[in-house]
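S.K.: Provided below for reference: sequence and predicted model.
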Amino acid sequence: MSTPPAPRLRPQSPPVSVDHYENFPVASVLCPPALRPAVVAVYHFARTADDIADEGDAPAAQRHAALAAFRAELQSIERGAAPGPRWAPVFGPLAAAIERYGLPPHWLHRLLDAFVQDVDNPAYADRGQILRYCSRSADPVGRLLLHLYGVHDAESERRADAICTGLQLANFWQDLGLDASRGRVYLPHDELAAAGITLDDVLARRDTPALRCLVRELCDWAESLLRGGAPLALDVPGRAGWELRLVVQGGLRVLEKIARMDHATISARPTLGATDLPVLLWRAATMRRQR
């Protein structure tokens, strides 16, 4: 009898284009050119760790061990050591970005905390637990970008957190069916129970009026966060501000498409395409500060 293949983790070098990591809506053509190497370095760090946590068929213990080794490599370059060979394409550029811009490693460790949590695929009892997860999986991205932009005031940080969490939530409700097919459910369990929906209903991808109603309420939550953080895009000057405008409008456009399909994302996944670009550009150009 042949020996079964070893469990696989995704490749340990920067894998795909910068638009793949949903929680990292940066590094487009609008990204300030001087900051692009640092932005891409942080992206590849996040993308590679995310793949270790979530791709392939390796068991949880192997994923945890790989993430621990990944964290040890981060700690090593923090001390000024040269990157090891295993993830050199990730940690070489990241070390340069940390040295040049003084990136706070705390936020990189927070991202790793989220990927470790993903390995265990926990249940989320309520919105508070989801927000705590987003504070690790999404908000560090905004804080790192603010640092690169030279923005450090508390109000901007609050708005960046709102945008990043809103984007993360929009992605959850956009990917509801896809995540369910992989055994992942980010819906708050208390609201599932209140709506008479079981976890098995979600995992079986049963499209019901009650589930659509719940998704609508959760989309409203995501939209309120995005709109609450949107003034940051008007405060940040130059190309970075335009980048943020498109990020916010992209998240709102996803929520709009979810609404157009009557919130049935358990059955189908709405996407943005080339035809959405003129709409996003117009909305970004006409953004105004709401009273």
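M.R.: Cool, the structure landed.

S.K.: Which neighbouring elements make contact with the helix or strand hosting Ala96?
M.R.: Under DSSP states H and E, the secondary-structure element containing Ala96 is helix 88-101. The elements that helix 88-101 packs onto, with contact taken as 3 or more CB pairs under 8 Å, 6 or more residues apart in numbering; DSSP states H and E, are helix 36-54, helix 60-78. Any C-beta I mention is one placed from the backbone N, CA and C, and that applies to glycine too.

S.K.: Which of the ones you listed sits closest to Arg239?
M.R.: Nearest to Arg239 among these is helix 36-54 (10.4 Å), distances taken as CB to CB.

S.K.: Tell me the pLDDT of the nearest residue to Ala233 once chain neighbours are set aside.
M.R.: Setting aside the residues directly before and after it, Ala233 is nearest to Leu244 in space (CB to CB, 6 or more residues apart in numbering), at 3.7 Å. Each residue has a pLDDT score; the one for Leu244 is 91.

S.K.: Please save the CA atoms from the strand or helix carrying Leu244 in CSV.
M.R.: Following DSSP H and E, one finds Leu244 within helix 238-260. Extracted as CSV, the C-alpha positions of helix 238-260 are listed here (Å, rounded to 0.1, in the frame of the first residue of the first chain):
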residue,chain,number,x,y,z
GLY,A,238,-2.8,63.2,-1.2
ARG,A,239,-2.9,59.7,-2.8
ALA,A,240,-3.3,58.0,0.6
GLY,A,241,-6.6,59.8,1.1
TRP,A,242,-7.8,58.8,-2.3
GLU,A,243,-6.8,55.3,-1.6
LEU,A,244,-8.9,55.4,1.6
ARG,A,245,-11.9,56.9,-0.2
LEU,A,246,-11.9,54.0,-2.6
VAL,A,247,-11.5,51.5,0.2
VAL,A,248,-14.6,52.8,2.0
GLN,A,249,-16.6,53.0,-1.2
GLY,A,250,-15.6,49.5,-2.1
GLY,A,251,-16.9,48.2,1.2
LEU,A,252,-20.1,50.1,0.8
ARG,A,253,-20.5,48.8,-2.7
VAL,A,254,-20.2,45.2,-1.5
LEU,A,255,-22.9,45.8,1.0
GLU,A,256,-25.1,47.4,-1.7
LYS,A,257,-24.7,44.3,-3.8
ILE,A,258,-25.6,42.1,-0.9
ALA,A,259,-28.8,44.1,-0.4
ARG,A,260,-29.6,43.8,-4.2
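
S.K.: and the angle for it with helix 36-54?
M.R.: Interaxial angle of helix 238-260 relative to helix 36-54 (axes from the mean of the first three to the mean of the last three CA atoms, to 10 degrees): 40 degrees.

S.K.: so what secondary structure elements neighbour helix 238-260?
M.R.: In this structure, helix 238-260 makes packing contacts with helix 154-174, helix 209-229, helix 231-235, helix 277-285, judged by 3+ CB pairs under 8 Å, 6+ apart.

S.K.: and the helix or strand following the first one, what does it pack onto?
M.R.: On the C-terminal side of helix 154-174, the closest following helix or strand by DSSP H and E is helix 176-181. Secondary structure elements in contact with helix 176-181, counted by 3+ CB pairs under 8 Å, 6+ apart, are helix 199-203.

S.K.: Residues contacting the helix it packs on, please?
M.R.: By CB atoms under 8 Å, 6 or more residues apart in numbering, the list of residues contacting helix 199-203 from outside reads 123, 176, 180, 183, 185, 187, 189, 192, 208, 211, 266.

S.K.: can you pull the pLDDT of Val42?
M.R.: pLDDT, the model's per-residue confidence, is 93 for Val42.

S.K.: Quick check: it touching Leu108?
M.R.: Yes - using CB atoms under 8 Å, Val42 and Leu108 qualify as a contacting pair, with a distance of 7.5 Å.

S.K.: More neighbours: which of the two?
M.R.: Regarding Val42 and Leu108, a neighbour count based on other CB atoms under 10 Å identifies Val42 as having more, with 27 against 21.

S.K.: Please report the distance of Val289 from Pro231.
M.R.: I think there's a mix-up here, since residue 289 is Arg and not Val. Taken as CB to CB, to the nearest Å, the spacing of Arg289 relative to Pro231 amounts to 6 Å.

S.K.: which of these two has more neighbours?
M.R.: Residue environment comparison for Arg289 versus Pro231 gives the larger neighbour count to Pro231, 18 against 9, counting by other CB under 10 Å.

S.K.: in the stretch 101-250 of the chain, which segments are predicted with low confidence?
M.R.: Flagging of the stretch 101-250 of the chain using pLDDT under 70 yields an empty set of residue ranges.
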